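Novice: here's my sequence, what's the structure:
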Amino acid sequence: MSDSFTETTTISWFTRIKNAFIGILIGLVLVVGSVAGIFWNEHRAVQTARSLAQGRGLVVDVDAQSLDPAKAGKLVHVAGRSSVASPPRDGDFGVSAPALRLKRISEMYQWKEDKRTETHKNVGGSETQTTTYDYQKLWSEDAIDSSRFQHAQEHRNPGKSVESRELYPQGAKLGGFALDTDLLSQLPADQRLAVSADLAAELKAKNTTNNANMHVSDGTIYIGPDPGSPRIGDMRISYRLMPVGELSVIAAQSGQGFAPYQTQAGDRLDMIAPGIKSAADMFTAAEEENTILTWALRAAFVIAIWVGCFLCLRPLAVFADLIPFVGSMVGFGLGFVALLATLVIAPIAIAIAWFAFRPLTAVAVLAGGAVLVVLAHRLRGRRAVAPATASPQDDQSSIKGKGPGKRST
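Specialist: Residues are numbered from 1 along each chain as shown. Sure, this is the predicted structure:
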């Protein structure tokens, strides 16, 4: 079920001009911030790559069942079976399971506002905006602030009575090594835990707040009159966990457990993964993750530069909007100009960053580019020589084909 409302407003040409000039400031901030972001990203990528390379060369395999005092402070790789002295327990609902990480997911049935705007340009530079507000009911873990809705009076969300939580066991170990929550929090909690159907009856017997309206439906706790017909403010509680099992850890051996290992390159290394994995495999996975993150951030910053360049040029399109179709053509052209500017700014920023943080890579790329330029120049020269070589023969053929001319008197 959803509600829909439509509103139409007209924005004058002068207001659009003012907003466009404000956009120039935003665009400049975007461009400068994105260039700074490119430098930060390249520095982060190089530091992480060097830290992982250093860690790969220093890590030593140790037996999970025994702590060797001689390995204290060293980067160690430990793989084995985990255990817990006391499993995590949600005291609010009495849910417990043998797990290394237990996540309580609390969702509330609430209103959500979706906004979409259609714009029509008018002769004279003004703009008519038709905005549609759609309101739908859905389950969401995040509390949606209905006071910000355009039509808040008819669509009110109550506050959440139960929040999501992270729960951890007491006395978690990997063989003889203690595991702290900083390491355990890196584990994925993606296995569903079905709540027992008897839980609702047990909680109702305790006569706790909301227990009268508590049900267990399909392994999920439901707080509300009827699970089959949810109402605004109803809650549903589900659980996901990381079960006790085999683990692999790379970190510094510290006391009876682990601590982050400080590399000379700058990063602190502490990695944990489900299953038995070799140190080489764990470092390879971390390197791949670093590469993916680096390229994702590069793409994001390049797009931000393009947006910033377009915002800086946008006043020209708004000026041209006095005649709508001319403004659309100018806007398209400015988008292309912004793209060209981005293709200049972004590579220069990345190249300078590489000279600062990846000098060998930068030199190699420039050398490769120089080779391509030389090859292209030579290929072009050969194509120019071929017609020049053929032209004298063509001239001689032309002369032979001419008949004797008449003398002038």
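
Novice: and for Gln256, the neighbour number?
Specialist: The tally of other residues near Gln256 (other Cβ atoms under 10 Å) stands at 10. All C-beta spots, glycine's among them, are computed from the backbone N, C-alpha and C.

Novice: my guess is it contacts Gly175, does it?
Specialist: No - counting by Cβ atoms under 8 Å, Gln256 sits too far from Gly175 to count as a contact (11.3 Å).

Novice: so, low pLDDT: which residues of the stretch 301-409 of the chain?
Specialist: 365-370, 372-373, 376-377, 380-409 (pLDDT under 70).

Novice: what are the buried residues along stretch 240-251?
Specialist: 240-244, 247-251 (16 or more other Cβ atoms under 10 Å).

Novice: would you turn those into a markdown table with secondary structure, pLDDT and distance to Ile26?
Specialist: A markdown table is the format used below for those (DSSP: H, G, I helix; E, B strand; the rest coil; pLDDT from 0 to 100; distance: Cβ to Cβ, whole Å):
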| residue | secondary structure | pLDDT | distance to Ile26 |
| --- | --- | --- | --- |
| Arg240 | strand | 97 | 40 |
| Leu241 | strand | 97 | 44 |
| Met242 | strand | 98 | 43 |
| Pro243 | strand | 97 | 48 |
| Val244 | coil | 97 | 51 |
| Leu247 | strand | 98 | 47 |
| Ser248 | strand | 98 | 46 |
| Val249 | strand | 98 | 45 |
| Ile250 | strand | 98 | 43 |
| Ala251 | strand | 98 | 43 |
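
Novice: which non-adjacent residue is nearest Leu322?
Specialist: Spatial nearest neighbour of Leu322, excluding adjacent residues (Cβ to Cβ, 6 or more residues apart in numbering): Gly125 at 4.7 Å.

Novice: which strand or helix spans the one you found?
Specialist: Of the helices and strands defined by DSSP states H and E, none includes Gly125.

Novice: ditto for Pro230
Specialist: Judged by DSSP H and E, Pro230 forms part of no helix or strand.

Novice: wait, doesn't it sit right on Tyr109?
Specialist: Yes - if you go by Cβ under 8 Å, Pro230 and Tyr109 touch, sitting 4.5 Å apart.

Novice: what about the closest residue to Gln170 other than its chain neighbours, neighbour count?
Specialist: Of all residues not flanking Gln170 in the chain, Ser86 sits nearest, at 3.9 Å (Cβ to Cβ, 6+ apart). Neighbour count for Ser86, taken as other Cβ under 10 Å: 11.

Novice: residues in contact with Ser86?
Specialist: Residues counted as contacts of Ser86 (Cβ atoms under 8 Å, 6 or more residues apart in numbering) are 169-171.

Novice: return the distance of stretch 225-244 from the chain's centre.
Specialist: Taking Cα atoms, centre = their mean, to the nearest Å, one finds stretch 225-244 lying 28 Å from the centre of the chain it belongs to.
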